[in-house]
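**Q** have a look; sequence and predicted model below, questions after that.
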Protein chains: 2
Amino acid sequence: MAEEYTKAKIMEMRKKHIGPSCKVFFANDPIKIVRARGQYMFDEKEARYLDCINNVAHVGHSHPEVTKAALKQMELLNTNSRFLHDNLVRYAECLTSTLPEKLSVCYFVNSGSEANDLALRLARQYTGHQDVITLDHAYHGHVTSLIDISPYKFHQLGKDAQKEYIHVAPPPDTYRGKYREDHPDPASAYAKEVDYIIKKAHQNKRQIAAFIAESMQSCGGQIIPPAGYFQKVSEFVHKAGGVFIADEVQVGFGRVGKHFWSFQLQGEDFVPDIVTMGKPIGNGHPMSCVVTTKEIAEAFGATGMEYFNTFGGNPVSCAIGLAVLDIIEKEDLRGNATTVGNYLTELLIEQKQKHPLIGDIRGVGLFVGVDLVKDRLLRTPATAEAQYIIYKLKEKRILLSADGPHRNVLKFKPPMCFNKEDAKLVVDEIDQCLTALEKAIGIQSNAGLHEKNPAKRKVHHENSGSTNTKDEETCSSNLQDSNPNDNACRQSNGLHPESPTVTRKRIRT
Amino acid sequence: MAEEYTKAKIMEMRKKHIGPSCKVFFANDPIKIVRARGQYMFDEKEARYLDCINNVAHVGHSHPEVTKAALKQMELLNTNSRFLHDNLVRYAECLTSTLPEKLSVCYFVNSGSEANDLALRLARQYTGHQDVITLDHAYHGHVTSLIDISPYKFHQLGKDAQKEYIHVAPPPDTYRGKYREDHPDPASAYAKEVDYIIKKAHQNKRQIAAFIAESMQSCGGQIIPPAGYFQKVSEFVHKAGGVFIADEVQVGFGRVGKHFWSFQLQGEDFVPDIVTMGKPIGNGHPMSCVVTTKEIAEAFGATGMEYFNTFGGNPVSCAIGLAVLDIIEKEDLRGNATTVGNYLTELLIEQKQKHPLIGDIRGVGLFVGVDLVKDRLLRTPATAEAQYIIYKLKEKRILLSADGPHRNVLKFKPPMCFNKEDAKLVVDEIDQCLTALEKAIGIQSNAGLHEKNPAKRKVHHENSGSTNTKDEETCSSNLQDSNPNDNACRQSNGLHPESPTVTRKRIRT
């Protein structure tokens, strides 16, 4: 199909025909992409962008094996799962083989939102309870029931938006949260917060159906829970008659390298009761899955109510899902995530020694966050600076995003074929941006800075699976203390036109 | 991919890996389909089935133009709508051009469920109200918020399952409902029921956000609302500050022939505030859409909360959607729906004159229902007989289903390329089934039967767009009065293994 509309024309047509709540990246000068391959996207002028953010294009944009699998099946048959078909059962078998044995029953759906909604339905039916514990800053999807459990969203709706059957626990963030890296046992401390919530709910005659958390918080700011946290939470939740839902929509399918699922970072002794999957599962094809135990599935089935999902588990979706699993294996994308992820993290740690604006580097495999701060001691989020960097990188044709409640965390989640050269390129550019930025706002890039209160930081080393502690550098920076924009978390990065202007203005003052 | 599993093996694997709530058609002897083309599906032994039920394969199974469009776009790019792309705006423009002008703003999502959930979010945000009026027996989707508005589903969950913010209105069924074809103005009478509900809600300090209805009830039993009903309901709902949501997930995209959308059967003076689309939109590709007015979209956008749907509106889905619109036009599938639908209806009306078991024929275009009754006067639903027929037809390799609250309505909703030969074939087989059935249960097939209380029946004649009245035949049948299985409506047709045995037993006694 010929590319026929200018960017201005597309924006005009979007204004007329697309809901204004549907934002574009870099709204003041959005990008028109016409083709993509691997980790590269190309605009209408054939300019190449390095893609550090599209975790949906998991095995690489427009992977020919995915296209081939889709074509082959589309030519034959695409119908619903009320007819028997090889693909459905073959795929269910392959997918569950990546999981601990007790997670054996699949429900195929069309999106992460459908998956998380169904997970809640399963949990509520199985437990007979209603209440859900969710983490602060969590985002679990866009349907009504999920806005309810997504503080990232419902906080925007005013003070009364939190439903009485939803309880918000502090995210297990050891950099910016309640219990930090200097706490002797943050896993237990954060888990006890959940236990406290349960006890309070019981006092109010409420009953817990589920605890839900992303295995690593993505929109919440690339938060990696301390190992052991999920086990302890699970124990408390089970004792209360609830179930544990691990949301792997953003972080599953080998992104963390060593493991296929991010919840496995917690240790082999942890198995959730329900796992939800999404984004990368079909490399962009709309599909999703919920996997649970036989017991939960049987309780859900015992009502006699059919669960029918028109498109879920159709032969084309399953063929694509199978192709994605196959490519992850054949191209050793988990190995690549480990190697390149470690390399990227090392490069970023070097940058941290040089740039006071970098407060924290955290990540596993190809899921890495760079937490920017105005002040390393106070850990004041450097929101405007993060926005400035992603806009500057865009000019350099590198796509990166900033997220978290303060929108100050640079967020890497590239296609899994991202390589060392890509990592070097983006880190070099970030280096240049930070140098310019620090110069502009009058602080010195320096490798010899020292934190006043040096704390042990954990960085996952995925080749060993163990965690090493590294001393943090400290600084007493003279960054101006502009107030972090509390409303900033209400808009995803690059999604409102004012950002670059505001940012530049602030930086120039 | 080689077809490798036997049906027994697939069933065994499904038992292990697929949730038991996910049923198969004809569970005692399910069908394995390996390929399909047009209105025909083929099993693993190359046996051909005539497909009278798969409304998702709208332009015909495995349509080569749909496959071609998907392939071409998949090879280039599949990404999210935060990047600019021609396909999104071109598709939005084409799709809205099929609708009245005020329905101009699209939200692209992945399923009918996502569409209806978003419609509720739009309605609630726009009106500031919470309550929803839905029709009895309605089914609007499988996510939590939609189970709430689907009596077809929530009635199965016990007496307390109806939420206080949900109000159930009687479906505008002029054959089996409160106001029938002999009522002077059933449209007004049914609309007044909605007004009554609104008034009662107001007395209880509740406020109406929306009235939602399928433009023709599908699971509810192929119910065609009397013309004028939607206008009158809309007036009452608007007066109460609510909006009108037309659910076209099952019945849109030209199925009714003369019109592109089923709500247009109500007359040109009716325009809903929100329209939801699904199933046929992508010929099986998981996609869906909500279309609404600028005012509602702006109110939804005014919260500042982004609406991001990962897969919704991706370039591949839009390319497929465009191909479907194109094929409907190029192959004159609406013309075909009118011609073949009228022919099918005429053949069925002939059968009605012959078979006392047929109580009512109703339909428009290729959306036709045959309401089977044990007694034409009492209109007692012939549930077991309907089940017997669909099982018998399956043996003849014809796929038909039975639905409605009593599961006694034979339901035609075939791919839109269904032709006159197909219609003749299925009606001839139904004729044979009914003859055998009537003989077995001791009533006479007869063309000279007369109803005791002959009432005027409306049958839409789509070539003229007008409605003609036809006298109904009457009979005082001597069918045994076996109790209709009230629980039957709780399971979709052919979806539980006991049906055929029970049916045959009942019929043989």
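**A** That came through fine.
**Q** CA only for contacts and neighbour counts going forward, please
**A** Noted.
**Q** and A:Asp371, its phi and psi?
**A** Backbone geometry at A:Asp371, expressed as degrees, to the nearest 10, gives phi -90, psi 110.
**Q** so which residues of chain A form helices?
**A** Remark: helices assigned in chain A by DSSP state H are A:7-17, A:64-76, A:86-96, A:112-127, A:144-147, A:151-154, A:186-203, A:229-239, A:294-301, A:315-330, A:333-354, A:383-395, A:420-440, A:498-508.
**Q** out of the ones you listed, which one sits most buried?
**A** Highest mean neighbour count among the helices of chain A (mean count of other C-alpha atoms under 10 Å in any protein chain shown): helix A:112-127, with a mean of 25.
**Q** any low-confidence regions in chain A?
**A** A:1-3, A:446-509 (pLDDT under 70).
**Q** now do 50
**A** Counting by pLDDT under 50, chain A shows low-confidence ranges at A:1, A:447-458, A:462-509.
**Q** tell me the domain ranges of it?
**A** A:7-59+A:334-508, A:64-330 (automatic domain parsing).
**Q** dead centre of chain A: give me the residue that sits there.
**A** A:Ser218 (2.9 Å; C-alpha atoms, centre = their mean).
**Q** so stretch A:140-155, near chain B or not?
**A** Yes - on the criterion C-alpha under 8 Å from any C-alpha of the partner chain, stretch A:140-155 is in touch with chain B at A:His142, A:Val143, A:Thr144, A:Ser145, A:Lys153.
**Q** in contact with the second one, which residues?
**A** With contacts defined as C-alpha atoms under 8 Å, 6 or more residues apart in numbering or on different chains, A:Val143 is in contact with A:Ser113, A:Glu114, A:Asp117, B:Glu114, B:Asp117, B:Leu118.
**Q** leaving out the residues flanking it, which one is nearest to the last one?
**A** Think B:Leu118. Leaving out its chain neighbours, the residue that sits closest to B:Leu118 by C-alpha to C-alpha, 6 or more residues apart in numbering or on different chains is A:Val143, at 6.8 Å.
**Q** over to the second one?
**A** Nearest-residue entry for A:Glu114: B:Val143, 6.9 Å, with adjacent residues in sequence omitted and distances by C-alpha to C-alpha, 6+ apart.
**Q** next one: the one you found relative to B:Asn116, how far apart?
**A** 9 Å (C-alpha to C-alpha, to the nearest Å).
**Q** cool, and A:Thr310?
**A** On the measure of C-alpha to C-alpha, A:Thr310 and B:Asn116 end up 14 Å apart.
**Q** do A:Pro272 as well
**A** Distance, A:Pro272 to B:Asn116, using C-alpha to C-alpha: 30 Å.
**Q** try A:Ile327
**A** With the distance defined as C-alpha to C-alpha, A:Ile327 ends up 35 Å from B:Asn116.
**Q** spatially nearest residue to the residue nearest to the centre of chain A (excluding sequence neighbours)?
**A** Looking at A:Ser218 with C-alpha to C-alpha, 6+ apart, the closest residue is A:Gln250, at 7.0 Å.
**Q** quick revisit: of all the domains of chain A, which one is nearest B:Leu377?
**A** Across the domains of chain A, B:Leu377 has its closest neighbour in domain A:64-330 (32.5 Å, C-alpha to C-alpha).
**Q** still on that earlier bit, could you double-check that the residue nearest to the centre of chain A sits in contact with A:Gly252?
**A** No - the criterion here is C-alpha atoms under 8 Å, and A:Ser218 misses it with A:Gly252 at 11.6 Å.
**Q** number of nearby residues for the closest residue to A:Ala386 other than its chain neighbours?
**A** Nearest residue to A:Ala386 in three dimensions, chain neighbours excluded: A:Asn408, at 5.1 Å (C-alpha to C-alpha, 6+ apart). Applying other C-alpha atoms under 10 Å in any protein chain shown, we find 28 residues neighbouring A:Asn408.
**Q** for chain B, see how far away A:Asn408 is.
**A** From A:Asn408 over to chain B the distance is 18 Å, taken as C-alpha to the nearest C-alpha, to the nearest Å.
**Q** tell me the contacts of that residue?
**A** Taking C-alpha under 8 Å, 6+ apart, we find A:Asn408 in contact with A:Asp371, A:Leu372, A:Val373, A:Pro381, A:Ala382, A:Thr383, A:Ala384, A:Glu385, A:Ala386, A:Gln387, A:Ala402.
**Q** same check on A:Val290?
**A** A:Cys106, A:Tyr107, A:Phe108, A:Val109, A:Ala115, A:Asn116, A:Leu118, A:Ala119, A:Ile274, A:Val275, A:Thr276, A:Met277.
**Q** ok, now A:Asp160?
**A** With C-alpha under 8 Å, 6+ apart as the criterion, no residue contacts A:Asp160.
**Q** isn't A:His137 right up against A:Pro405?
**A** Yes - here A:His137 reaches A:Pro405: they are 6.3 Å apart, a contact under C-alpha under 8 Å.
**Q** quick one: common contacting residues for these two?
**A** Common neighbours of A:His137 and A:Pro405, counting by C-alpha under 8 Å, 6+ apart, are A:Tyr152, A:Cys219, A:Gly220.
**Q** looks like the second one contacts A:Asp403 (just checking).
**A** What it means is A:Cys219. Yes - with contact defined as C-alpha under 8 Å, A:Cys219 reaches A:Asp403; the gap is 5.7 Å.
**Q** returning to what we had before: which one of the helices of chain A lies nearest to B:Glu12?
**A** Across those, B:Glu12 has its closest neighbour in helix A:86-96 (9.3 Å, C-alpha to C-alpha).
**Q** gap between the two ends of stretch A:141-150?
**A** Stretch A:141-150: ends 7 Å apart by C-alpha to C-alpha.
**Q** up against chain B, what does the stretch 301-450 of chain A have?
**A** Selection of the stretch 301-450 of chain A residues close to chain B by C-alpha under 8 Å from any C-alpha yields A:Gly301, A:Thr303, A:Gly304, A:Met305, A:Glu306, A:Tyr307, A:Phe308, A:Asn309, A:Thr310, A:Phe311.
**Q** and A:Ala115, what does it touch?
**A** Counting by C-alpha under 8 Å, 6+ apart, A:Ala115 makes contact with A:Val109, A:Thr276, A:Met277, A:Gly278, A:Ser288, A:Cys289, A:Val290.
**Q** let's see that with 6 Å instead.
**A** Listed by C-alpha atoms under 6 Å, 6 or more residues apart in numbering or on different chains, the contact set of A:Ala115 reads A:Thr276, A:Cys289, A:Val290.
**Q** so what's the second one closest to, chain neighbours aside?
**A** Once flanking residues are discounted, A:Cys289 sits nearest to A:Phe108: 4.5 Å by C-alpha to C-alpha, 6+ apart.
**Q** quick check: the one you found touching A:Gly313?
**A** Yes - with contact defined as C-alpha atoms under 6 Å, A:Phe108 reaches A:Gly313; the gap is 5.0 Å.
**Q** neighbour count winner among those two?
**A** More neighbours surround A:Gly313 than the other of A:Phe108 and A:Gly313, with 31 against 27 (other C-alpha under 10 Å).
**Q** quick one, phi/psi of the more buried one?
**A** Dihedral angles of A:Gly313 (phi, psi; degrees, to the nearest 10) stand at phi 70, psi 20.
**Q** do you know how far the closest residue in space to A:Thr67 that isn't next to it in sequence is from B:Ala319?
**A** In space, and not counting its chain neighbours, A:Thr67 is closest to B:Met74: 6.1 Å by C-alpha to C-alpha, 6+ apart. Distance from B:Met74 to B:Ala319, counting by C-alpha to C-alpha: 9 Å.
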